[in-house]
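[1] Starting from these lines, generate the structure:
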Amino acid sequence: MKPVPVLVLMFLFFYLNISAQAQQKSPFQAQEIYRSETLVLTQVSENTFIHTSFLQTDDFGKVPCNGLVVTVGKEALVFDTPTDVAVSEELIQWITKNQKLEIKGIVPTHFHNDCLGGLQAFEEMEIPSYATFKTIELAKANNYVVPKNGFADSLVLKVGDRTVLVKHYGEGHTKDNVVAYFPSERVLFGGCLVKEVDATRGYLGDANLDTWSGTVEAVKKGFPETKIVVPGHGKHGGVELLDYTIKLFQTRHFGERNGNEVK
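    Numbers count the residues shown, from 1 in each chain. Have a look, this model is predicted:
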């Protein structure tokens, strides 16, 4: 048997070493970690979880609605409440009892029920709530439970030893829609401003169709390091969700009736 050339051995060593490093740095595999009839929790990175509850609507049937939980150390932040008080209590229990974490704040990303429908449950637990002044104004106008702490266009919240940025980039789904970005894990919660791939335009009753695409373009430019994007409804993914949403609202070749898309 002939000896293996030194160059071949060096190549094999290099290849195996690179392969091992790639396996160690393989992307986090999203996994469902909790499910009941009313609430689903899906872990999408080391410290971020999508909470999904369900809203019965006249126009779209039973709609899954996403929010986000960010956990670091012994603390958690929640973005958007589940759709009602009972399911919000279920989420709070999972965070505080099952995970033994302190919830440092709840942030509704706009004024619709799928964002603050369960806010009363957080208020009863004396969990601080944060929203833009515009969201607070619209919540009051619609006789919803009103977030306690207002901010203008941006807010930085601390969770453990890390931060989350909440920012309003412009109108789209609503006048007040904000996004939340967790830089240490490159996770963007787009809320209802961002659509899952292949989604329709959905409910447009409070939308600004002229600015929606531009607002999402600004979000994309604002967070160029984004790896994971979570929409308000449907499956999470990557930056392709931003690109899809931008394209979806660039054209106006659709009819409108009562604020809803007409096929």
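
[2] what's stretch 37-56 in contact with?
    Residues from elsewhere that reach stretch 37-56 (Cβ atoms under 8 Å, 6 or more residues apart in numbering): 28, 30-35, 62-72, 78, 82-84, 86-87, 90-91, 94, 113-114, 117-118, 182, 184-185, 187, 228, 230, 236. From N, CA and C alone the C-beta is placed, and that goes for glycine too.

[3] now do stretch 235-248
    30, 42, 44, 50, 66, 190, 193-199, 201, 212-213, 216-217, 219-220, 226-231.

[4] just the buried members of those residues?
    The neighbour count (16 or more other Cβ atoms under 10 Å) marks 30, 42, 44, 50, 66, 190, 193-196, 199, 201, 212-213, 216-217, 219-220, 226, 228-231 as buried among those.

[5] Those residues in strands, which ones?
    42, 44, 50, 66, 190, 228-231 (DSSP state E).

[6] Mind picking the two most distant members of those residues?
    Farthest-apart pair in these is 42 and 190; separation 15.8 Å (Cβ to Cβ).

[7] which residue is nearest the middle of the chain?
    Compute the mean C-alpha point of the chain, and by Cα atoms, centre = their mean the closest residue is residue 189, 2.7 Å away.

[8] That one contacts residue 180, correct?
    Yes - counting by Cβ atoms under 8 Å, residue 180 is a contact partner of residue 189 at 4.4 Å.

[9] between those two, what contacts are shared?
    What both residue 189 and residue 180 touch, as defined by Cβ under 8 Å, 6+ apart, is the set 68, 79, 109.

[10] Name the residues linked to the nearest residue in space to the last one that is not next to it in sequence by a beta bridge.
    The one in question is residue 109. Spatially, and ignoring its direct neighbours in sequence, residue 109 is nearest to residue 191 (3.8 Å; Cβ to Cβ, 6 or more residues apart in numbering). Taking DSSP bridges as the rule, residue 191 bridges to residue 231.

[11] OK, contacts around residue 191?
    Going by Cβ under 8 Å, 6+ apart, the list of residues near residue 191 reads 79-80, 109-110, 115, 173, 177-180, 231-232.

[12] In TSV, list those along with distance to residue 98.
    Shown next, in TSV, are the contacts of residue 191 (distance: Cβ to Cβ, whole Å):
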residue	distance to residue 98
79	19
80	20
109	24
110	28
115	23
173	32
177	30
178	28
179	28
180	23
231	26
232	25
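
[13] Nearest to residue 138 among those residues?
    Of all those, residue 138 sits closest to residue 110, with 7.9 Å by Cβ to Cβ.

[14] ok, now which ones touch the closest one?
    Neighbour list for residue 110: 135, 138, 173-174, 176-178, 191-192 [criterion: Cβ under 8 Å, 6+ apart].

[15] Among the residues you listed, give me the pair with the biggest separation.
    Pairwise distances across those (Cβ to Cβ) peak at 14.5 Å, for the pair 138 and 191.

[16] In contact with the closest residue to residue 158 other than its chain neighbours: list those residues for me.
    Setting aside the residues directly before and after it, residue 158 is nearest to residue 104 in space (Cβ to Cβ, 6+ apart), at 7.4 Å. The neighbourhood of residue 104, defined by Cβ under 8 Å, 6+ apart, consists of 75-77, 127-128, 157-159.
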